[in-house]
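Peer 1: Please find the sequence and the predicted model below.
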Amino acid sequence: MSKILTIAVSAIVFAVIICGQDNSRAFADGRVIGPSNGATQKAPAPEPGPVAEPTVKPAPPLVPVPVLGPEIRTERRTVLVPELVTARRKVATTVLHKEQREREVTVLKHVPETVERTRTFTVLEPQVRSHEERFTVLKPVTKTVEETYTVDVPYTEMRTGTRTVAKPVWKEIEKKFPVSVPYCEKKTGARTVLRCVPVTRTRLVTVDLGHWEVCTSCAACKPCAPCKPCGPCKPCGICKPCVLCAPAVVAVFKKRFWVPKLVQKEESFTVEVAQPVEVPFEYEVTLHRTEIRTRIEKVCELVPTEESFQYPVTLTRKETRTRTMPVRELVPEQRTRTVNETVLVPQQKTETYQETVCRTVAEKRICKETVCVPVREIHDVQVPVRQLVPKTVDVKVAVTPVCVVPTCLKCLPKCAAK
């Protein structure tokens, strides 16, 4: 906003300066228009004379006149600038407050009542009625009628014809046929046979080169029993020493045991190994050769032969015959019968019935409800307000006007008038 005001003020000042200038304008022919030494000079009027043909003169060339540029000054001015200011103002608002109120309400209540009513209705009751009716019946009547008819009577007739018969004729023909004759032939071949060949090999054998040794050992003697006195010697025998009193005998045993000595040595042995050997042999082969032989065969040929034969033919001839046939005809006959039919007859009946009717009864009740009551309140509110605040601004003003075209006819009359 301040920029717009500054530009407007500068434009107004510039227009005032241009219109109020008091400088003289100069033309190319030396005439001066405007105030000069306090007197106003006017251009002389043209003298009257004979009207001559208008002549077009070329415009004199414009002489460049030096033009002075404007002088720009800086002026300090006071401008009103709008600004937003926060102000406190009182605002009236309407606030809704809830209140509990009671009101009387009329409620319609439906009360059921039983009412006796009478109604009349029509009922269709069946009734049996009888009447006589006449009807026509077709009665069958049998008659005897003679009828003539034609019959085809068959008869047999023998006829003679000729036919071609194939008779068999046997002939003997020599026929050659191949025969496969077997014969034996000896051939020589080679076959592989496994034969045992002795092969010498070596192996390590452990040999025991030990020897026998004898070890002597003795066993301890048992203690002797107490000595008993010897009895008298018998005269007839040799006196033996007393065993019980004899000195103790020590038993000596010799034990023989083997002391081993294992020695490894290499020995050679012979093994029979089976090796394949090709052996020639002779064998017999049974072969076959083809021989052509001749044999006599009997061949049957069918020879066509014509012969005559008789055959029966069944024909028919027509005969006219007469026969008596019973014919049944239907003769109409009038009869009468009684027919019973059921008819529905309307009858009026009256009955009493009970009907439940809802009667509307008005009932008053007190109802509580919440009501919103508007209340007017005044509050202080901060409102943004636009105010014009004076502000000092530096403005650039052009003092000397500038005429771009020196022979401008629009600017000269305005300056001359002033």
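Peer 2: Arrived safely.

Peer 1: Quick one: the strands in the protein, in order.
Peer 2: For the chain, the strands defined by DSSP state E cover 25-26, 32-33, 72-208, 211-219, 251-259, 262-398.

Peer 1: Quick one, which of these gets closest to Ser10.
Peer 2: Of all the strands of the chain, it is strand 262-398 that lies closest to Ser10, at 5.9 Å by CB to CB. Heads up, the C-betas are built off the backbone N, CA and C, glycines and all.

Peer 1: Can you list the strands that that closest one pairs with?
Peer 2: Looking at strand 262-398 with DSSP bridges, its partner strands are strand 72-208 (antiparallel).

Peer 1: For the chain, which residues score under the pLDDT cut-off?
Peer 2: Confidence mapping of the chain against pLDDT under 70 gives the ranges 1-5, 15-70, 217-252, 400-418.

Peer 1: bridging residues for the residue nearest in space to the middle of it?
Peer 2: Central residue of the chain (CA atoms, centre = their mean): Thr370, 59.0 Å from the mean position. Partner residues in beta bridges with Thr370, using DSSP bridges, are Gln100.

Peer 1: now Glu174
Peer 2: Under the criterion used (DSSP bridges), Glu174 bridges to Ile296.

Peer 1: Please work out how many residues are found near it.
Peer 2: By other CB atoms under 10 Å, 8 other residues sit near Glu174.

Peer 1: thinking again about what came up before, point out the most buried one among the strands of the chain.
Peer 2: Across these, averaging neighbours per residue (mean count of other CB atoms under 10 Å) puts strand 25-26 on top, at a mean of 16.

Peer 1: so His211 touches Val259, yeah?
Peer 2: Yes: using CB atoms under 8 Å, His211 is in contact with Val259, at 5.7 Å.

Peer 1: Identify the residues contacting the residue nearest to the centre of the chain.
Peer 2: Residues near Thr370 by CB atoms under 8 Å, 6 or more residues apart in numbering: Lys98, Glu99, Gln100, Arg101.

Peer 1: Hmm, the second one is touching Pro374, no?
Peer 2: No: taking CB under 8 Å as the definition, Glu99 is not a contact partner of Pro374, at 11.1 Å.

Peer 1: Who is the nearest residue to Pro168 once chain neighbours are set aside paired with across the strands?
Peer 2: Beyond its immediate neighbours in the sequence, the residue positioned closest to Pro168 (CB to CB, 6 or more residues apart in numbering) is Cys300, lying 5.0 Å away. Per DSSP bridges, the residues bridged to Cys300 are Trp170.

Peer 1: Show the contacting residues for Cys300.
Peer 2: Cys300 makes contacts with Pro168, Val169, Trp170, as judged by CB under 8 Å, 6+ apart.

Peer 1: For Glu301, see how far away the last one is.
Peer 2: Spelled out, that is Trp170. Distance of Trp170 to Glu301, computed by CB to CB, to the nearest Å: 8 Å.

Peer 1: Also the second one?
Peer 2: For Val169, the distance to Glu301 under the criterion CB to CB works out to 5 Å.

Peer 1: next one: Ala398
Peer 2: Separation of Ala398 from Glu301 (CB to CB): 155 Å.

Peer 1: Good, wrapping up.
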